[in-house]
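J.: Need a 3D model of the sequence below.
(chains A, B, C and D)
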There are 2 protein chains.
Amino acid sequence: MSEVEGDVCDRATQIVAAAYDLLDEAGLEGLTIRAVLLRTGLARRAFYDCFAGKDDLVLAVFAHTLRLAATLFAEQVDALPDPMARLRHIVTAIVLGRGMADQAPSEQGQRRGAALSREHLRLAEARPAALQKAVSPLIDLIARQMSDGMAAGQVRAAAAPWMAMLVYNLVSTTVHTELLAEEGARPDLQRRTVLAGDIWEFCWRAIKA
Amino acid sequence: MSEVEGDVCDRATQIVAAAYDLLDEAGLEGLTIRAVLLRTGLARRAFYDCFAGKDDLVLAVFAHTLRLAATLFAEQVDALPDPMARLRHIVTAIVLGRGMADQAPSEQGQRRGAALSREHLRLAEARPAALQKAVSPLIDLIARQMSDGMAAGQVRAAAAPWMAMLVYNLVSTTVHTELLAEEGARPDLQRRTVLAGDIWEFCWRAIKA
DNA sequence: CAGCATTGAGAACAGCGTTCTCGAAACGAA
DNA sequence: TTCGTTTCGAGAACGCTGTTCTCAATGCTG
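T.: Now for the predicted structure:
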């Protein structure tokens, strides 16, 4: 253990970071074990010492991304007055690609988000428990606002986690279907803004008291 | 051309049928070119004469399934009195797995539906136009009910195709996420029924006038 | 019948995720 | 120090995928 940097085994972190970048640069097709190893300089074996397989890696990226987004959103909505405004902010932010580590709604973040959305259903089938755990930070945040909204009489009484999942699924899949369907490469902020507005109106009507 | 059955080139149909069955039996993982060829007895080359690649095949299955479902739903809703009841019927039927060629909400149909949902985002990225065309029968049917509903004052004024897509995306992804997350193998009709009810309530509130 | 386009059977290729082998390096004990 | 053991990096290998290519058999046309 004479490495100049690195603790016990932050190779997992290192690998996740590489996967993160690869996803940004080339989407799901660009995320291969070999590419990750090439980028990190690690050996094949090191990877399988840290992760049980590719699914584990994708799950880790999933968890990392959503934990980050949830943390960011949680801070941002603190300033907002009521639960409904907070929900609105979260939904809008997801559509606009906020919540990514790097400031703007980058094309990269969009690619990663799309890739993760694409993996969502597969992982739901292959590793339901792990996926649920990975997504929970954001879902829980949304559910919490739902509950608060119910207490405040803004949101209709219903199962908060259930509605949170509905909203998250709707937003996640719709935004990526819509944005990727347009061959226009770069963000197009205006289009995204009306998209965010429309999606939010749909959700708002669905959940309001 | 001395085949006992078969017209000019219904091999495409034959291949799609085989793919259809494979999807039912083993999900996306079971759908491989080799398996299709084995099942149909066709040669490798015959496949690539009919389809440009695997994407084309999946797209064809997509189109076939949704065209069938749309036709079925269109007949079923004819008897219903108002647009909102028709929309309700369609949404509920999708969740319950009606609209499959074979009567009941079979586990097979669920597998195929899940597989197609999983491919949705990938095809949206890789072949947006073709996917749009494949999904259009069902989306259009929903959109038509939306328009009728607007004319009748039951549905809020908005872009009907847009809301139809939102509803379809929500229903499609949610039902499969939910159903596949539960490791319980067979249908569980009761659970599906409350699922259908909840999803419909969400959609109904989102679109009602 | 001769020539030619079509097509079936399957080998071959490139890529993937995953596993295995093997030799070098690192470490602890005598 | 020296030996034995353990760890681990480098990469070959395996089985699978989608796709392309080769080649000979087949059937149609002149």
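J.: how about whichever residue of chain A sits closest to DNA strand C, phi and psi?
T.: Closest residue of chain A to DNA strand C, Cβ to the nearest atom of the strand: A:G53 (2.8 Å). (Glycine included, C-beta is placed from N, CA and C.) Reported as degrees, to the nearest 10, the phi and psi values for A:G53 are phi 170, psi -170.
J.: what about it, distance to A:A60?
T.: In this view, A:G53 and A:A60 are 11 Å apart by Cβ to Cβ, to the nearest Å.
J.: neighbour-wise, which of these two wins?
T.: Just comparing A:G53 and A:A60: by other Cβ atoms under 10 Å in any protein chain shown the higher neighbour count belongs to A:A60, 20 against 11.
J.: Report all helices and strands that the helix or strand hosting that one contacts.
T.: A:A60 belongs to helix A:54-78 when elements are defined using DSSP states H and E. Helix A:54-78 sits against helix A:11-30, helix A:33-40, helix A:83-96, helix A:107-126, helix A:128-151, with contacts defined as 3 or more Cβ pairs under 8 Å, 6 or more residues apart in numbering or on different chains; DSSP states H and E.
J.: Give me the residues contacting the first one.
T.: Contacts made with helix A:11-30 from outside it, assessed by Cβ atoms under 8 Å, 6 or more residues apart in numbering or on different chains, are listed as A:6, A:31, A:35-36, A:39-40, A:42, A:46-47, A:50-51, A:57-58, A:60-61, A:64-65, A:106, A:108-109, A:111-112, A:114-116, A:118-119, B:125.
J.: Likewise for the second one?
T.: Residues from elsewhere that reach helix A:33-40, judged by Cβ under 8 Å, 6+ apart: A:11, A:14-15, A:18-19, A:21-22, A:42-44, A:46-47, A:54, A:57.
J.: Any idea which of the helices and strands packed on helix A:54-78 gets closest to B:M146?
T.: helix A:83-96 (21.9 Å; Cβ to Cβ).
J.: Identify the residue nearest the residue with the shortest distance to the centre of chain A in space, chain neighbours excluded?
T.: Central residue of chain A (Cα atoms, centre = their mean): A:L66, 4.2 Å from the mean position. Closest residue to A:L66 apart from its sequence neighbours, by Cβ to Cβ, 6 or more residues apart in numbering or on different chains: A:L138 at 4.7 Å.
J.: so who does that neighbour touch?
T.: A:L138 sits next to A:L66, A:A69, A:A70, A:F73, A:Y168 when contact means Cβ under 8 Å, 6+ apart.
J.: Around the fourth one, count how many other residues there are.
T.: So that's A:F73. Residues contacting A:F73 under the criterion other Cβ under 10 Å number 22.
J.: could you list every residue that touches it?
T.: Listed by Cβ under 8 Å, 6+ apart, the contact partners of A:F73 are A:H89, A:I90, A:A93, A:G99, A:L138, A:L141.
J.: And the residues you listed, which is closest to chain B?
T.: A:L138 (14.6 Å; Cβ to the nearest Cβ).
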